[in-house]
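Q: Could you work out the structure for the sequence below:
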Amino acid sequence: MLNLFSENGGKELASEKLYSLRALKAPRAGKILARWFVGVFLISLIIIFLPWQQNVRGGGKVTAFNPANRPQTVESIIGGRIKKWHFQEGDYLEKGDTVITITEVKEKYFDPQLLERLNEQIQSKEKSIQSKKDKALALERQIKALFEGKDIKLTQVKAKLDAAHVQLQNAENQFTRNKKIFEAGNIPLTKFQEFEYKYQGSLADFQNAKSEGARVETEYLDKISKAESDFNNTLSELYESQAELSKLNNEFSNTRIRSEQYQILAPQSGVLVRALKAGIGETLKEGDAVCTIMPEASDFAVEMYVAANDVPLIKKGSTVRIEFDGWPGLQVSGWPSVSVGTFGGKVKVIDYINMKPGEFRILVVPDTLDQSWPKQLRIGTGIKGWVMLNDVPVWYEIWRQLNRFPPSLYSEPLDDIINKKAKEAK
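A: Sure thing, here's the model as predicted:
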């Protein structure tokens with residue numbers, strides 16, 4: 001048989017000299033990578049079963065819990081022209097300090113003695129009113145006297161009428177008797193005529209007495225009507241004068257109060273942070289803002305905005321982790337215990353209406369059991385916040401996020417429980 005190999009041809013060739021054999025061996029880097037993959041897999045397997053605290057994220061800024069301690073815009077109550085600035089930006093103001101002095105721009109109030117002149121008009125009107133009151137009292141007394149005089153006069157007329165009636169009856173009786181005697185021929189005609197004349201005279205006196213009663217009553221009623229008309233006219237003038245006096249008093253008070261508004265005062269103590277009107281002689285309208293004052297605030301709170309979908313998950317007293325702008329921090333949202341540089345808070349207020357489209361505002365105050373908030377905080381500092389919810393496994397949180405499900409809520413919020421009990425009680 002033909003031997004095609006040399007003597008050492010049957011010996012195995014060194015594998016190091018053959019590239020194909022070297023390529024068949026597993027590289028060392030691959031082994032290391034495989035070990036890393038296994039290690040990461042095991043660590044991930046352990047991590048996905050660790051507890052994860054769900055949370056609701058939001059952003060906002062630092063504010064003051066008491067509205068009176070938030071930035072105050074000072075406005076001009078009346079229109080005017082700036083005469084003098086008494087403070088500069090950055091100055092500290094006490095409550096009641098004069099910030100700006102303004103001058104008048106309405107010609108109605110140009111007169112420097114306007115208050116004195118209005119006061120003189122008021123005094124004159126008061127004297128006029130007093131005069132009309134006296135006149136009304138005099139007319140009232142006159143009317144009363146006329147009624148009394150009418151009663152007395154009518155009483156006199158009635159007495160006179162009664163006497164005339166008695167006299168008439170006597171004269172009529174005498175006339176009747178003597179007429180029969182005259183017809184019997186026992187007395188002469190002249191004698192009978194005397195009794196007839198006497199009767200006619202008594203009848204005339206009686207008629208005159210009756211007419212006098214009607215005349216007296218008519219006369220007095222005319223006088224009383226005239227006096228009452230004068231009295232009513234006087235009362236009408238009195239009421240008009242009182243209305244005019246009220247207008248003058250109102251104008252005087254308004255003018256006096258307006259003169260006090262020439263000094264725009266600081267509503268409370270604080271720092272003048274911004275002048276909204278500049279220069280001397282600039283005209284202000286009623287309600288124009290002239291400057292902003294930042295009161296001294298110690299009741300810091302966080303104004304935080306969260307998505308409308310997350311509001312039902314938040315309740316008063318919920319724990320919040322806060323990261324302030326300017327304070328380096330690391331927040332691991334699901335593991336707040338390992339977070340660094342964040343501060344604790346508690347939900348104090350949850351708005352019932354949305355402040356922004358799709359977002360609701362909550363107010364967060366410091367957590368007294370946690371680290372105190374920085375003293376260097378200022379109103380308006382930006383924040384990031386996380387409202388902490390329930391603990392779930394990491395795998396569940398990953399699955400929830402992939403499916404875009406809301407966070408779990410194992411128990412009803414305290415407000416919902418209270419409202420439900422109140423409805424059941426009704």
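Q: Beyond the helix ranked longest in the chain, next helix or strand please.
A: Secondary structure of the chain per DSSP state H: the longest helix is helix 189-260. Counting by DSSP states H and E, the next helix or strand C-terminal to helix 189-260 is strand 263-265.
Q: Check which helices and strands the very next helix or strand once past that following strand sits against.
A: Of the helices and strands lying after strand 263-265 in sequence (DSSP H and E), the nearest is strand 270-275. Using 3 or more Cβ pairs under 8 Å, 6 or more residues apart in numbering; DSSP states H and E as the contact test, the elements touching strand 270-275 are strand 92-93, strand 289-295. Backbone N, C-alpha and C define where each C-beta goes, glycine included.
Q: Any chance of those in JSON lines with mean neighbour count and distance to Leu115 as columns?
A: Shown next, in JSON lines, are those (neighbours: other Cβ atoms under 10 Å; distance: least, Cβ to Cβ, whole Å):
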{"stretch": "strand 92-93", "mean neighbour count": "18", "distance to Leu115": "29"}
{"stretch": "strand 289-295", "mean neighbour count": "19", "distance to Leu115": "25"}
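Q: Just send those back as a markdown table, with distance to Trp327 and mean pLDDT too.
A: Shown next, in a markdown table, are these (distance: least, Cβ to Cβ, whole Å; pLDDT from 0 to 100):
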| stretch | distance to Trp327 | mean pLDDT |
| --- | --- | --- |
| strand 92-93 | 26 | 90 |
| strand 289-295 | 21 | 90 |
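Q: Output those strands as JSON lines; include the columns distance to Trp386.
A: What follows is these, written out as JSON lines (distance: least, Cβ to Cβ, whole Å):
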{"stretch": "strand 92-93", "distance to Trp386": "37"}
{"stretch": "strand 289-295", "distance to Trp386": "28"}
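Q: Show me the one of those that comes nearest Thr73.
A: strand 289-295 (4.7 Å; Cβ to Cβ).
Q: Dump that closest one to CSV, restricted to CA.
A: Output in CSV follows, covering the C-alpha atoms of strand 289-295 (Å, rounded to 0.1, in the frame of the first residue of the first chain):
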residue,chain,number,x,y,z
ALA,A,289,-50.4,97.5,40.7
VAL,A,290,-47.5,99.6,41.8
CYS,A,291,-45.2,97.1,43.6
THR,A,292,-44.9,93.7,45.1
ILE,A,293,-44.1,93.0,48.7
MET,A,294,-42.8,89.7,50.0
PRO,A,295,-44.0,89.2,53.6
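Q: what pairs with that strand, and is each one parallel or antiparallel?
A: strand 72-75 (antiparallel), strand 270-275 (antiparallel) (DSSP bridges).
Q: Reformat those as a markdown table; add mean neighbour count and distance to Pro328.
A: Shown next, in a markdown table, are the strands paired with strand 289-295 (neighbours: other Cβ under 10 Å; distance: least, Cβ to Cβ, whole Å):
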| stretch | mean neighbour count | distance to Pro328 |
| --- | --- | --- |
| strand 72-75 | 16 | 32 |
| strand 270-275 | 18 | 27 |
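Q: Minimum distance to Glu126: which of those has it?
A: Nearest of these (Cβ to Cβ): strand 72-75, 36.5 Å.
Q: Distance from the chain centre to the closest one, please.
A: 17 Å (Cα atoms, centre = their mean, to the nearest Å).
Q: mean confidence score for that strand?
A: In this model, strand 72-75 carries a mean pLDDT of 89.
Q: And stretch 154-164, by the same measure?
A: Mean predicted confidence for stretch 154-164 is 82.
Q: So for Glu260, which of the strands paired with strand 289-295 sits nearest?
A: Of the strands paired with strand 289-295, nearest to Glu260 by Cβ to Cβ is strand 72-75, at 15.4 Å.
Q: Show me the contact partners of the closest one.
A: Residues outside strand 72-75 that contact it (Cβ atoms under 8 Å, 6 or more residues apart in numbering) are 99, 264, 266-268, 270, 276, 287-295.
Q: Repeat the analysis, applying 7 Å as the threshold.
A: 99, 264, 266-268, 270, 287-293, 295 (Cβ atoms under 7 Å, 6 or more residues apart in numbering).
Q: The helices and strands packed on strand 270-275: which one's closest to Ala164?
A: strand 289-295 (92.6 Å).
Q: Could you point out the helix or strand that follows that closest one?
A: Next along the chain after strand 289-295, taking DSSP H and E as the criterion, comes strand 300-307.
Q: what's that next one packed up against?
A: Applying 3 or more Cβ pairs under 7 Å, 6 or more residues apart in numbering; DSSP states H and E, we find strand 300-307 packed against strand 51-64, strand 343-356, strand 359-366, strand 382-393.
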